[in-house]
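1. sequence and computational prediction follow.
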Amino acid sequence: MSDPKDEPGPHPAHSHLPGGTGTGPAGGEPIKPATPARDPAAEAAALAAFEDRERRLAEVDLPPRRVTEADTDEPREPEATETPDSPSKPAEAPPVARHEAVPKAVGPQVSGGTRVAPLGKPLAKPPVVAFDKVTKTYGSGSGAFTAIKDVSFAIEDYPGRGELVSILGPSGCGKSTVIRLIAGLLPQFPQTSGTVLVDGKPILGPGPDRGMVFQDYTSFDNRSVLENVAFGLECRGVPTGERLDRARAWISKVGLSIKKDADKYPHELSGGMRQRVAIARTLILEPRIILMDEPFGALDPPTRTRMQDNLVELWREQSPTIFFITHSIEEAVFLGDHILLFSNSPGTVLKTIRVPPPDRPSIEMQRDPKFQQVVSEIRDVIDRLESSSRAGD
Amino acid sequence: MTQGGDKPKPVAKPAPKAVAPKPRAVEAAAAASGVPRPPPWWRTLRADPPFQVRVAIGAGLIAFIVLLWWLVTRGDAISALVSPSKLPSPGAVLGSFDSLKGNLGEGIIATLERVFGGVLLAAIVGVVLGVFAGTNRMIGAAVAPLVIFLRSIPMGALLPLMLMLFATGEKQKVMFIFFAIVPFVFSDTVKAISIVPERYVETAQTLGASNRQILTKVLVPLALPDVITSLRFQFGLALGYVMLAEAIATPSGLGVMLNNNERMGNIEQNYALLFVIALLAFMIDFVIRFFQRGVFQWRRDL
């Protein structure tokens, strides 16, 4: 498959998304072939429409991320230097990214399973997570059910900064299967066929390097907030005093009060507070990868946006690679560097969409008409894909 | 902290009443002001009456039964509606406490020793085995038929065997209680371990807990309140079983006293003893529950 982006040379005016998001417009991106069980004609039409829309999407003029003096605590390069696409620039365009010396803007254009090295030199390290033709089937014979089929993607590993990958797709399309496979949790793990690599190595089972935050509240009921947050350190054998000190620090980092909340039990907490505990409990172990399965799905909208802002803040500080499943397109667009768009069951990656990373508080960004336009464009794409596959049922 | 707006705001208080209006007047005023009144508790399904009303009707029924009791046992052996050899009068039962007092304490201690012994033994064996069977389903599958068999044996049917195995000493009674309740303690423990949601286990796994740590830090602590509840129920049943065991060749105990009274036609004392036993069972249950609530404050349903 000859992906234009494999070539190191500059592209014709591709990316009109300023802020260095470097979106490859749909133009030359390979499209996943429609899954057999569906109506190929309808889906092809939908994908054609998708391409058209994404081309227009790329022209949506989202405001560039501005780095001001106040931003200095965040080691982000002023990406304004990288004007929306510069065809005249040589292939070795200065790598620009959120963190210094990271080729973010020219980062990998992951699409339809092709791992694409950033323009210029290829990365030395293996991708942090790589799926290659991963299929998961439950049962056998006539009762067999395929949750995901030939899922391929690769998320690159940049030192000092992780990607935030939103996973978006219709209900029951196998989104959870993907992240539970990465987590190594039964029965999704292991896959039926294909390879899942984390740091180039196959997964053996669950581990603290891959933290997970579930949608349902999983704070241990018999432990106080403090003891919940310290749980992972306790399992590692960190001495009591040290682990409680570190847990206290994390309690305040996720926006809870050390004084008021640390000694509370989960049943005394609201849903949002419980998820804050879950996030602190995961992040305190400094995992490379964080898997979030609709963590804010049960929260009311104001709480949700606050949690999004808090997550972005913590993500920048710790720079893990985050996989974030959500039903909310707004949430996916706000949080994500990428959006992995999944098809109906059996799930496949239909599309990888690059979106501008969060540069303002969620509420503010979501109020931006341009942001809303991106959201509604993606919503149209999903609607089309869903109705096309329904027609094929 | 973040969910300040979650709680519904208290409904605005009704306007302060004017000089103690009569109920009818209040109703009329309410109707006039257009504020609907909630239906009273006696017309609302599953609504609790006020505390005083609850106490009053509970005590009222007891008083009514005692009154009835007093009425049917009034008079002497001939004129009373129910013969005093079947149902002595309340006064006679109350009076029999005097003669009962002498060996009551000794009886209570002897009986409770047996019950505590049996329950403790059943707790150690049943809970330990239950935890293993609940976490390792292979062990669970192995012992499941055995446990179903033991659970299906009627308690009384065990007694002759216990007599043959352990003769008539203390051991026989403790073992009888042990065998009668250990299958139930075991299955309740298995269940308590099983119903801890899988999510907690998965969460612990992704936080780096080993299987052993998941068992000791997650499963057992979360299952413990249910296990204690099971032991509390089994304790109540064991108190019943011990009366059966004490019916045969026993020097002291509440069951012995009941049997001796029966033989001597001392029916007043038997009624009195029933009150004592009921009160004892209630008090023990109350004390265990009190501690259970204190220790497991995170479980609000205990």
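-> That came through fine.

2. contact partners for residue 190?
-> Defaulting to chain A. A:181, A:203 (C-beta atoms under 8 Å, 6 or more residues apart in numbering or on different chains). The C-beta positions use only the backbone N, C-alpha and C, and glycine is treated the same way.

3. right idea, wrong chain: chain B
-> B:130, B:133-134, B:140.

4. just these: which are in strands?
-> Nothing among those maps onto strands, per DSSP state E.

5. average pLDDT for stretch A:358-370?
-> The average of the pLDDT scores along stretch A:358-370 is 80.

6. hmm, stretch B:214-231 touching chain A?
-> Yes - using C-beta under 8 Å from any C-beta of the partner chain, we find that stretch B:214-231 touches chain A at B:217-218, B:221-222.

7. contacting residues around that stretch?
-> A:220-222, A:231, A:234-235, B:119, B:123, B:127, B:130-131, B:134-135, B:184-185, B:188-189, B:191-193, B:195-196, B:200-201, B:204-205, B:209, B:288, B:292, B:296, B:299, B:302.

8. buried ones among those?
-> The neighbour count (16 or more other C-beta atoms under 10 Å in any protein chain shown) marks A:220-222, A:231, A:234-235, B:119, B:123, B:127, B:130-131, B:134-135, B:184-185, B:188-189, B:192-193, B:196, B:200-201, B:204-205, B:209, B:288, B:292, B:296, B:299, B:302 as buried among these.

9. and the helices in the stretch 201-350 of chain A?
-> Using DSSP state H, counting those that start in this stretch, the helices of the stretch 201-350 of chain A run over residues A:225-229, A:231-236, A:240-253, A:258-261, A:271-283, A:301-318, A:329-335.

10. so for B:R46, which of those helices sits nearest?
-> helix A:271-283 (27.1 Å; C-beta to C-beta).

11. A:V374: which of the residues of stretch B:214-231 next to chain A is nearest?
-> Of the residues of stretch B:214-231 next to chain A, the one sitting nearest to A:V374 (C-beta to C-beta) turns out to be B:V218, at 42.3 Å.

12. neighbours around the residue in chain A positioned nearest to chain B, how many?
-> Using C-beta to the nearest C-beta, the single residue of chain A nearest to chain B is A:P208, 3.2 Å away. If you count neighbours by other C-beta atoms under 10 Å in any protein chain shown, A:P208 ends up with 19.

13. need the pLDDT of it.
-> 87.

14. for chain A, give me its nearest residue in the stretch 151-300 of chain B.
-> Counting by C-beta to the nearest C-beta, the stretch 151-300 of chain B gets nearest to chain A through B:G208 (3.2 Å).

15. pretty sure that residue contacts A:V238?
-> No - assessed by C-beta atoms under 8 Å, B:G208 is found out of contact with A:V238, at 11.2 Å.

16. the helix or strand hosting B:N270 - what's its average pLDDT?
-> Taking DSSP states H and E as the criterion, B:N270 maps to helix B:267-295. Across helix B:267-295, pLDDT averages out at 90.

17. just stretch B:110-128 next, same as before
-> 92.

18. quick revisit: I figured the residue of chain A closest to chain B hits A:F231, correct?
-> No - look at A:P208 against A:F231 with C-beta under 8 Å: they stay out of range, at 10.5 Å.

19. before we move on, back to that, which one's more surrounded, B:G208 and A:V238?
-> B:G208 (21 against 17).

20. for the more buried one, grab phi and psi.
-> phi 90, psi 20 (degrees, to the nearest 10).

21. if I look at it, how far off is A:P206?
-> 8 Å (C-beta to C-beta, to the nearest Å).

22. contact partners for the residue of the stretch 151-300 of chain B closest to chain A?
-> Contacts of B:G208 (C-beta under 8 Å, 6+ apart): A:207-208, A:232, A:235-236, A:285.

23. number of nearby residues for B:R43?
-> Neighbour number of B:R43 under other C-beta under 10 Å is 8.

24. look up the closest residue to the residue of the stretch 151-300 of chain B closest to chain A, ignoring the ones flanking it.
-> In space, and not counting its chain neighbours, B:G208 is closest to A:P208: 3.2 Å by C-beta to C-beta, 6 or more residues apart in numbering or on different chains.

25. do A:D293 as well
-> Here the residue nearest A:D293, using C-beta to C-beta, 6+ apart, is A:I325, at 5.0 Å.

26. list the beta-bridge partners for that neighbour.
-> A:I167, A:D293 (DSSP bridges).

27. please tell me I have it right and it contacts A:G174.
-> No - with contact defined as C-beta under 8 Å, A:I325 does not reach A:G174; the gap is 10.5 Å.
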